[in-house]
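[1] sequence plus the predicted model coming up.
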Amino acid sequence: MNSTIIRKAAALFLASTSCLGATTTSQQPKTTQDRVNEVNKKLLELWITKMNFLGNTSTENNKIKHFSIKIENLRKQIKKLITSDRSIINHISEDSNNTILIRAASCGHTKIVDFLLKEGANVEATDNHGSTSLIEAASRGHKNTCKALLSIGANINATDNDLWTSLMFAVWEVHYETIELLLTYNANITIKNNEEKTALDLANEKSKLSSDDKAIKKTIKLLKAAFNNEANNPTLRAANKETARLLEGAPRNLYGKRAFWFLLTVFLLALTGWGTHHYISELKYILRGLAFVE
């Protein structure tokens with residue numbers, strides 16, 4: 001569809017509606033810039049709709065080249081439009097309630113995402129479900145798009161209206177490489193959604209439903225390893241910090257039986273499933289005893 005024809009048609013429509021509204025004395029007349037801005041917004045909404053269609057187009061081997069050409073043409077059209085009127089870059093489509101960035105991320109069009117980010121698109125904008133661009137990209141396994149968003153500081157732990165994070169969506173859809181990327185960028189594995197479930201809980205639940213047993217088992221193993229990583233587990237980080245603080249005040253002359261029982265007890269505590277508060281309180285008790293008991 002020729003963009004010039006669309007632009008002229010939209011301009012004609014807006015001009016006619018402006019004339020009809022001119023008889024109303026209470027309505028402020030629109031300036032030329034206002035009309036151009038409205039036309040540009042309508043064009044942007046058209047590209048958002050078109051992108052959604054292309055994002056769901058089949059890309060089998062015999063269609064990949066044709067598909068890539070269409071995406072590149074769309075990128076050029078969007079670039080031309082945004083460059084001419086940067087004020088519309090965060091415009092929310094009335095039909096889909098998406099910004100152009102959210103739609104591009106959802107469809108995995110990384111080149112378009114890169115351009116929009118450089119032009120100042122709001123990376124934390126949300127749709128009517130509360131989903132950010134990162135959540136949309138992660139839920140569909142668009143690893144490269146996720147990386148582009150994360151590289152400019154997208155909130156990795158942002159949640160939607162149901163308190164689902166990007167990691168939770170990637171886990172539920174079993175997008176292993178995307179999960180690896182999110183954990184590398186220190187996604188918080190302890191966050192719970194509105195059903196009080198963490199990403200690991202969702203993975204265990206998915207394992208009961210998924211036919212791809214190998215992939216989900218691999219995902220669960222990765223998530224369990226992340227629980228022992230301070231970067232992904234703020235609770236563990238806090239516990240380790242408090243443990244280090246307590247040990248600084250421990251007696252310096254630990255030796256013989258005292259040292260043996262101390263190390264054994266700490267080791268056993270680490271193997272238990274106790275919560276952080278319980279762990280710390282027990283450690284304090286042990287240290288107090290070691291200070292006075294041989």
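    That came in fine, so what should we check first?
[2] now Ile102. Nearest residue, chain neighbours left out?
    Of all residues beyond its chain neighbours, the one nearest Ile102 is Ser133 (5.0 Å), with distances taken as C-beta to C-beta, 6 or more residues apart in numbering. Heads up, the C-betas are built off the backbone N, CA and C, glycines and all.
[3] quick check: that neighbour vs Trp164, distance?
    15 Å (C-beta to C-beta, to the nearest Å).
[4] pick out whichever of the two has more residues nearby.
    Ser133 (33 against 25; other C-beta atoms under 10 Å).
[5] for the more buried one, give me its contacts.
    By C-beta atoms under 8 Å, 6 or more residues apart in numbering, the contact list for Ser133 reads 99, 101-102, 104-106, 113, 123, 125, 149, 154.
[6] check the burial of Glu94 by counting its neighbours.
    9.
[7] and for Pro234?
    Applying other C-beta under 10 Å, we find 15 residues neighbouring Pro234.
[8] then Leu223?
    Neighbours of Leu223 using other C-beta under 10 Å come to 22.
[9] ok, Leu149 touching Ala125?
    No: taking C-beta atoms under 8 Å as the definition, Leu149 is not a contact partner of Ala125, at 11.7 Å.
[10] between these two, which is the more surrounded one?
    Using other C-beta under 10 Å as the criterion, Leu149 and Ala125 rank with Leu149 on top: 29 against 17.
[11] check which helices and strands the host helix or strand of the more buried one is in contact with.
    If you go by DSSP states H and E, Leu149 is part of helix 143-151. On a contact count with 3 or more C-beta pairs under 8 Å, 6 or more residues apart in numbering; DSSP states H and E, helix 143-151 meets helix 100-107, helix 110-118, helix 133-139, helix 176-184.
[12] would you state the helices of this structure in chain order?
    Listed in chain order, the helices of the chain (DSSP state H) span residues 3-20, 32-55, 64-84, 100-107, 110-118, 133-139, 143-151, 166-172, 176-184, 199-207, 213-227, 234-248, 256-271, 276-292.
[13] worst average pLDDT in those?
    Confidence, taken as mean pLDDT, is least for helix 3-20 of those (a mean of 48).
[14] follow-up on the earlier one: let's have the contacts of Ser133 in a markdown table, adding distance to Leu81.
    A markdown table is the format used below for those (distance: C-beta to C-beta, whole Å):
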| residue | distance to Leu81 |
| --- | --- |
| Thr99 | 14 |
| Leu101 | 14 |
| Ile102 | 17 |
| Ala104 | 13 |
| Ala105 | 18 |
| Ser106 | 19 |
| Val113 | 16 |
| Val123 | 20 |
| Ala125 | 18 |
| Leu149 | 21 |
| Ala154 | 24 |
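[15] just these now: which is nearest Ser207?
    Ser106 (26.5 Å; C-beta to C-beta).
[16] which of the helices and strands packed on helix 143-151 sits closest to Leu223?
    Of all the helices and strands packed on helix 143-151, helix 176-184 comes closest under C-beta to C-beta, at 7.7 Å.
[17] pull the CA atoms of the closest one into CSV?
    The C-alpha trace of helix 176-184 is given here as CSV (Å, rounded to 0.1, in the frame of the first residue of the first chain):
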residue,chain,number,x,y,z
TYR,A,176,16.0,-21.7,27.3
GLU,A,177,18.4,-19.3,25.6
THR,A,178,16.3,-16.3,26.7
ILE,A,179,16.2,-17.7,30.3
GLU,A,180,20.0,-17.9,30.2
LEU,A,181,20.3,-14.4,29.0
LEU,A,182,17.9,-13.0,31.7
LEU,A,183,19.8,-14.8,34.4
THR,A,184,23.1,-13.4,33.1
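[18] and it, what does it pack onto?
    For helix 176-184, the packing partners by 3+ C-beta pairs under 8 Å, 6+ apart are helix 143-151, helix 166-172, helix 213-227.
[19] which of those is buried the deepest?
    Of all these, helix 166-172 has the most neighbours on average by mean count of other C-beta atoms under 10 Å, namely a mean of 28.
[20] ok, and what's touching that helix?
    132, 134-135, 137-139, 141, 146, 156, 158, 178-179, 182-183, 187-189, 191, 193, 199, 202-203, 206, 219, 223.
[21] then stretch 83-99?
    36-37, 40-41, 44-45, 48-49, 52, 81-82, 100-101, 103, 106, 116, 119-122, 125, 127-128, 133.
[22] can you give me every residue that contacts Asn229?
    Asn229 touches 183, 236, counting by C-beta under 8 Å, 6+ apart.
[23] what are the phi and psi angles of it?
    phi -110, psi 120 (degrees, to the nearest 10).
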